[in-house]
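Asks: Have a look at this prediction, sequence included:
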Amino acid sequence: MTRRRTSTVPGKSRFDDIYDQPDPRAYFRRLEPLAYRIPHHAQPVFRRVLTARDATPGPRGPFAVLDLCCSYGINAALLNHHLTLDELYAHYTGPEARACSRAELVERDKEFYTSRRRADPIRVLGLDAAGNAVRYAQDVGLLDDGFVEDLESAEPSPRLRRAMAGVGLITVTGGVGYISARTFQALLESAQLPVWVAAFVLRAVPYEPVVRCLAAHGLATERHTARTYPQRLFTGTSEQRSAIEALTAAGLDPAGKEADGWYHTALYLSRPGQAQPGLEVLVSEAGIG
């Protein structure tokens with residue numbers, strides 16, 4: 001199953017040829033020169049948010065994470081393994097990886113991830129319209145379950161609706177713009193646990209429609225105001241110019257961020273009510289304040 005990703009970010013470069021390959025080697029080769037970093041920033045934040053979510057009053061017991069626009073399971077790899085994003089770049093762009101067939105790479109990756117598995121793994125589900133990417137993440141054991149669905153154009157499958165009953169945290173790194181409030185609405189309609197949403201969102205993408213959707217389901221949203229998080233370098237001056245124009249039209253200042261050649265994201269956390277500790281505290285405790 002192959003589908004093109006449609007972004008709402010004006011002038012944003014397309015990477016359709018790397019999003020749905022049989023394995024992630026082309027993905028890492030293309031994005032490494034652009035210094036794609038957002039999963040690196042998300043790794044400690046998501047782990048700290050998981051701890052806070054687990055400590056909140058309410059239904060106890062294990063819950064699952066649903067990673068939206070999960071691609072090849074990169075967030076799951078960083079969440080559940082003693083790994084860095086730089087190590088993943090090295091793993092998939094090195095000569096050993098280049099020499100492998102897909103079948104050989106899958107066996108190599110199973111061993112790679114098993115040897116680095118954390119003692120406290122969380123159940124991670126993945127949702128993406130890119131079928132090859134989701135299957136890879138499942139084949140190597142990064143996702144406990146995967147769903148190849150596009151909730152922007154279709155209703156969730158019965159299987160996805162059932163899986164949502166056990167989800168306590170939804171994560172997304174940069175996928176907003178490819179997905180909208182419609183996806184969040186479809187998922188939250190099937191939720192049975194109190195669901196938190198942690199999202200890194202490009203500054204050039206309006207997040208307010210998603211915030212309103214989450215509020216309608218009883219979730220209050222905080223934005224981390226102390227800093228933003230670089231996503232990747234622009235592919236060229238045209239992409240940079242389009243992003244700056246969109247930011248300026250939205251009343252945002254690109255100085256020191258997009259003006260310096262980088263897409264930047266903002267971090268949002270949505271929870272039932274005004275939960276504590278606040279997002280600023282959680283980020284500081286994650287070590288990236």
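Replies: It's in. Residues are numbered from 1 along each chain as shown.
Asks: all contacts plus neighbour counts: C-alpha atoms, from now on.
Replies: Will do.
Asks: separation between D17 and R30?
Replies: 10 Å (Cα to Cα, to the nearest Å).
Asks: okay, the two: which has more neighbours?
Replies: R30 (15 against 11; other Cα atoms under 10 Å).
Asks: mind checking which helix or strand the more buried one is in?
Replies: helix 25-31 (DSSP states H and E).
Asks: Let me see the mean pLDDT of that helix.
Replies: Computed over helix 25-31, the mean pLDDT rounds to 97.
Asks: ok, and for it, which residues are buried?
Replies: R25, A26, Y27, F28, R29, L31 (16 or more other Cα atoms under 10 Å).
Asks: And stretch 191-204, by the same measure?
Replies: 191, 193-204.
Asks: Most widely separated two among the residues you listed?
Replies: L193 and A204 (31.5 Å; Cα to Cα).
Asks: how about the strands of this protein, start to end?
Replies: 64-68, 123-128, 145-148, 167-173, 196-202, 219-223, 229-233, 262-272 (DSSP state E).
Asks: Which strands and helices lie in contact with the fourth one?
Replies: The criterion is 3 or more Cα pairs under 8 Å, 6 or more residues apart in numbering; DSSP states H and E, and the helices and strands that strand 167-173 contacts are helix 38-55, strand 64-68, strand 196-202.
Asks: could those be laid out in JSON lines, adding mean pLDDT and distance to Y113?
Replies: Formatted as JSON lines, those follow (pLDDT from 0 to 100; distance: least, Cα to Cα, whole Å):
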{"stretch": "helix 38-55", "mean pLDDT": "95", "distance to Y113": "16"}
{"stretch": "strand 64-68", "mean pLDDT": "98", "distance to Y113": "18"}
{"stretch": "strand 196-202", "mean pLDDT": "97", "distance to Y113": "24"}
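Asks: among those, which is nearest P254?
Replies: Across the helices and strands packed on strand 167-173 (criterion: Cα to Cα), the nearest stretch is strand 196-202, sitting at 12.2 Å.
Asks: Please name the strands paired to that closest one in the sheet, noting orientation.
Replies: Strands that pair with strand 196-202, judged by DSSP bridges, come out as strand 167-173 (parallel), strand 262-272 (antiparallel).
Asks: Contacts for the longest one next, please.
Replies: Strand 262-272 is touched from outside by 174, 194-203, 214, 218-224, 227-234, 240, 243, 257-258, 279, with contacts defined as Cα atoms under 8 Å, 6 or more residues apart in numbering.
Asks: Where do the helices of this structure begin and end?
Replies: Secondary structure of the chain by DSSP state H: the helices cover 16-19, 25-31, 38-55, 74-80, 85-93, 95-98, 102-114, 131-139, 158-164, 181-188, 208-216, 237-249, 279-286.
Asks: Identify each buried residue in the third one, please.
Replies: If I follow you right, that is helix 38-55. 38-50, 53-54.
Asks: Just name the closest of those to G73, please.
Replies: Closest to G73, out of all of the buried residues of helix 38-55 and judged by Cα to Cα, is P39, at 10.6 Å.
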